[in-house]
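Participant: Provided below are the primary sequence and the corresponding predicted coordinates.
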Amino acid sequence: LAFCRGRIVRVPKGPLIRVVGTEVAIPCSVSDYDGPSEQNFDWEFSRESDFVRIVSTWDSAFTSEEYQKRVGRGDIRLRRSSNDAVELVIRNIQPADQGRYKCSTPSTDATVQGNYDAEVQVKVISDGLSVSGSKGRSSMPLRLSEGDSFRLRCSAITTSPEHAHLHVTWQIKSGSAWQDILSLTHEGKFQPGAGYEEQYRNGDIRLDTGANDTYRLSVSQASSADGGAYRCLVSEWVRGADGSWQRIQEKSVEIASVSIQRTDVVISTSNVSVTERDSLDLTCNITTDRSGIFQAEVMWYFSASPDDTLSDAQLLLSMDHDSVVSDSTLISLSHVDRNSYRLLVRDVDVEDSGYYFCEAAIWVPLHNGSWHKVVERTSAPVSVVVTALEPDYDVFLNVSKTPKFSDDPTELNCRITNAQDTEANLRFTVSWYYRQRLRSDDVVTDELLAMMDADWTLQTGDRSRERVQNGEIIFSKKSVDTFSLRIQWTSESDRGDYFCVISAWSRHRNNSWVKNKDVTSAPVSIFWATQDYTLTVEAVKLKPFFVAGHTFEMTCKVSSKNIKTPRYSVLITAEKPLSDQSNPNGTTRIISLNQDSVVRLEDWTDQTRVDGVVLEKVQENEFRYRMYQTQISDAGLYRCVVTAWSPGGGGMWREAVNGLSNPIQIDFQTSGPVFNVSVHSDSPTIYQGEVADLLCIITMEGMALEPDDMSFDVTWFAVRSFALDREPILLASLDRRGIVTQSRRNGSSDISLERISPLEFRLRVHGCEDHDFGNHYCVVIPWVRSATGVWQREPDIRAKPIFLSVKMDVLNAFKYPLLIGIGLATVIGLLSCLIGYCSSHWCCKKEVQETRRERRRLMSMEMD
């Protein structure tokens, strides 16, 4: 393909048929060339044999003498369409221009390859196309009304010697440019113009052919867009040598100038403002110059927004073209004159405010007696504002019952006074609000206590909802003009400012209620002077000296001021030393007694000493706490937390003030033994499947004890990380009674915990897996029997963790697979040898007889 590539010059395939007097453009292009992108072209002409030079793109002296005048006048010129294409344009072609035209390109290639010129035959025929309007008139004026129909005629004929087809197009000019309406193409197809597809499908525009080569355009239901100048554009087409259609000439004639009188629908009144209960009067006017018989259909619409469409608007009333009006009670539609229609709305309401518009349609009679709608218009919306009749009244708020102390009742009355212009369709409701009083200038928002709907349904606010349900706050309507708020038991949180809002509601025609007006009362203050509550708590230890195993006893004496008939609830707490690991938070809630003398164990978790703590009420303001068989772990600071309660409303108790007593310390002075714990393992690094042995070793310093006088609770934990940054996992525990408890495990490994000596405990992990790695440690709780025979619990001791590493035994993991593989390979090899041996001896054996070779000595070269 590279060797066959060369310059190619192309012109249209001839002959080119053109009409005398028209403009001819013959294109010429070049491709597959070397050199600069912009190529030059030379044109020559021949009637019979020799070519005459016409024009060139690069040589101004190329034109021959007989064409210099025409080229100079511009009748013949070159028009470049791109760097590699030009057109030879001949204006007003004549029969003498019929012949062969040659386009050539000067070579810019490195080697001469391809063709450098091309020829085309041009045939010039006479003009046989004639186009005329109706009855020979070039243009006639037409004045129509919107919705009318009209027809336009055009005559076109050709006497061309060639087999030519006509392309007829009807066009309209409403501005500065002509626009296609409908065409009958040279191939016999109808083609609507842009924007006329819908009218063509509906049959509103048609193009018909008639006798004497006439073409008729029919337009039905003309609109204002159909006004303008109409012309008939006819082009003549012939089929070229390559089979394609070529347009050889085009003529047009203006047929008519059509003007359409627009039908407008307007409402005579602009924006309207009426008062409630008055009448609304609107008139819809139809503007048209139609003089014949017609009827109007009118529909009135209402919408809340001026942008709503007809589908979103509400149809109020309608009158069809037979003057039949739809039924309505308060709305009427009347025919004032031929083109005016009146809408009357009686007894308007506030909800009638909005936008009103009317839609009108013109109907004309047909020949068969039926009616046909020719035009439809909608007016611009008119804004209507209905002013409500607001009642005139005042609101007065007074306090009928003022509290002097806490829990006293409070009652407020909100009264309507000086009411004027009230009617039967008016209703009053109330809303109650509370505003907290602050000593500073901070802005405080109003809190809703309750509000009443138009149907007198009460809705409570967040502040008062629970108290209203409990009956502590009561909202009521004492009379037609008085609303009441009653607080049964007023608390200090109720002190502040109160005000009420009276709302007036009016009933509309659809029995719905709409709020017209709100009037707010002046606030009233609910306040009484109070003294701060005081509470003093004193704790006293009854036995100043005692030892472990004895009973600890202390009393809490309470005194209060400014609290009416108080009751007390007591909570005993203990603050353990920071070294006590059983409670890292420091403070423990032991036992409590509420204001109704009900005792409850709080965080006391020693199941062996459930009855070891007692809290009782000695007097109204004195409480006693006892703890039997005290342990060394009970050392710490003990306090009484007392809460004073005063009686509230409805038999409920209200918290008044809290108090904290002085601390009472329990400190055991002992010279007993000191225990230490450590974890040891002979093999901290093991392989999977082996047994890991971990020893928890207890050492004792100081006073020596018999094995029967000491016992231990041992618990093993594991942290599955290197840096102890995760929560410990319980593995197993062994209490001092010898009962072993194990946690649930997910893997296949197992654990065992045993006591191998009085001070040594061994944890074994059988069949270790990779998830058994981590830091392991034990926590020991020593128990020592005192001289009185009471077991005392010592503080918890935690050993330093040891890291257990689990590795995989590669040799053992691959030993059995390797042995199995070698065995199978040996068996398969021996079997293959056996099969080959048997096949060669019994299945494929063939006897071959060798020919006896004659042995001769080689002959020497000299003898040869």
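Facilitator: Structure received. Residues are numbered from 1 along each chain as shown.
Participant: According to the record, where do the domains of this structure fall?
Facilitator: According to the TED database, the chain is divided into the following domains: 7-125, 129-261, 265-387, 395-526, 534-666, 674-809.
Participant: which stretch in those has the least confidence?
Facilitator: If you rank the domains of the chain by mean pLDDT, domain 265-387 sits at the bottom with a mean of 81.
Participant: can I get the domains of the chain in a markdown table with mean neighbour count and distance to Leu819?
Facilitator: C-beta: built from backbone N, CA, C; applies to glycine. Rendered in a markdown table, the data for the domains of the chain read as follows (neighbours: other CB atoms under 10 Å; distance: least, CB to CB, whole Å):
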| stretch | mean neighbour count | distance to Leu819 |
| --- | --- | --- |
| domain 7-125 | 16 | 77 |
| domain 129-261 | 16 | 87 |
| domain 265-387 | 16 | 88 |
| domain 395-526 | 15 | 80 |
| domain 534-666 | 16 | 53 |
| domain 674-809 | 16 | 15 |
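Participant: Show me the strands in the stretch 351-500 of the chain, by range?
Facilitator: For the stretch 351-500 of the chain, the strands identified by DSSP state E, counting those that start in this stretch occupy 354-365, 371-378, 382-387, 392-401, 410-420, 426-435, 447-452, 458-460, 473-479, 482-487, 496-507, in order along the chain.
Participant: picking that back up, which one, of the domains of the chain, ends up nearest to Gly823?
Facilitator: With CB to CB as the criterion, Gly823 lies closest to domain 674-809 of those, at 21.5 Å.
Participant: Gly567 - nearest residue in space that isn't next to it in sequence?
Facilitator: I think there's a mix-up here, since residue 567 is Arg and not Gly. Of all residues not flanking Arg567 in the chain, Gln595 sits nearest, at 4.0 Å (CB to CB, 6 or more residues apart in numbering).
Participant: Glu655 is nearest to which of the strands of the stretch 351-500 of the chain?
Facilitator: In this view, the strands of the stretch 351-500 of the chain are compared for proximity to Glu655 by CB to CB, and strand 482-487 is the closest at 19.0 Å.
Participant: Check which helices and strands the closest one sits against.
Facilitator: strand 410-420, strand 447-452, strand 473-479, strand 496-507 (3 or more CB pairs under 8 Å, 6 or more residues apart in numbering; DSSP states H and E).
Participant: Distance from the chain centre to the last one, please.
Facilitator: This means strand 496-507. Distance of strand 496-507 from its chain centroid, counting by CA atoms, centre = their mean, to the nearest Å, is 41 Å.
Participant: what is the orientation angle of that strand with strand 447-452?
Facilitator: Orientation of strand 496-507 against strand 447-452 (axes from the mean of the first three to the mean of the last three CA atoms, to 10 degrees) gives an angle of 30 degrees.
Participant: Render the CA-only coordinates of strand 496-507 in PDB, please.
Facilitator: In PDB, the C-alpha atoms belonging to strand 496-507 read as follows (Å, rounded to 0.1, in the frame of the first residue of the first chain):
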ATOM      1  CA  GLY A 496     -41.100  33.200  88.300                       C
ATOM      2  CA  ASP A 497     -43.300  35.200  85.900                       C
ATOM      3  CA  TYR A 498     -46.500  33.900  84.400                       C
ATOM      4  CA  PHE A 499     -48.600  35.400  81.500                       C
ATOM      5  CA  CYS A 500     -51.500  34.200  79.300                       C
ATOM      6  CA  VAL A 501     -52.300  34.800  75.600                       C
ATOM      7  CA  ILE A 502     -56.000  34.900  74.500                       C
ATOM      8  CA  SER A 503     -56.500  33.900  70.800                       C
ATOM      9  CA  ALA A 504     -59.600  34.800  68.900                       C
ATOM     10  CA  TRP A 505     -60.800  32.300  66.300                       C
ATOM     11  CA  SER A 506     -63.400  32.800  63.600                       C
ATOM     12  CA  ARG A 507     -65.400  30.000  61.800                       C
END
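Participant: after that strand, next one along is what?
Facilitator: strand 513-520 (DSSP states H and E).
Participant: quick check: angle from that next one to strand 410-420?
Facilitator: Using the same axes, to 10 degrees: strand 513-520 against strand 410-420 is 110 degrees.
Participant: In its sheet, which strands sit next to strand 513-520, and in what direction?
Facilitator: Partners of strand 513-520 in the sheet, by DSSP bridges, are strand 496-507 (antiparallel).
Participant: Measure how the strand it pairs with sits relative to strand 482-487, angle-wise.
Facilitator: For strand 496-507 and strand 482-487, the angle between their directions (the same axes, to 10 degrees) works out to 140 degrees.
Participant: Helix or strand: which one has the nearest residue to Lys543 once chain neighbours are set aside?
Facilitator: In this structure, Lys543 finds its nearest non-sequential neighbour in Glu553, 6.0 Å apart by CB to CB, 6+ apart. Here Glu553 is covered by strand 552-561, with elements defined by DSSP H and E.
Participant: Show me what that strand packs onto, helices and strands only.
Facilitator: Using 3+ CB pairs under 8 Å, 6+ apart as the contact criterion, the elements in contact with strand 552-561 are strand 534-541, strand 622-627, strand 636-647.
Participant: at 10 Å what do you get?
Facilitator: Other helices and strands packing on strand 552-561, by 3 or more CB pairs under 10 Å, 6 or more residues apart in numbering; DSSP states H and E, are strand 534-541, strand 567-575, strand 613-619, strand 622-627, strand 636-647, strand 653-660, strand 664-666.
Participant: Tell me how far the helix or strand where Leu694 lies lies from the chain's centre.
Facilitator: If you go by DSSP H and E, Leu694 is part of strand 692-701. The gap between the average C-alpha position of strand 692-701 and the chain average comes to 63 Å, counting by CA atoms, centre = their mean.
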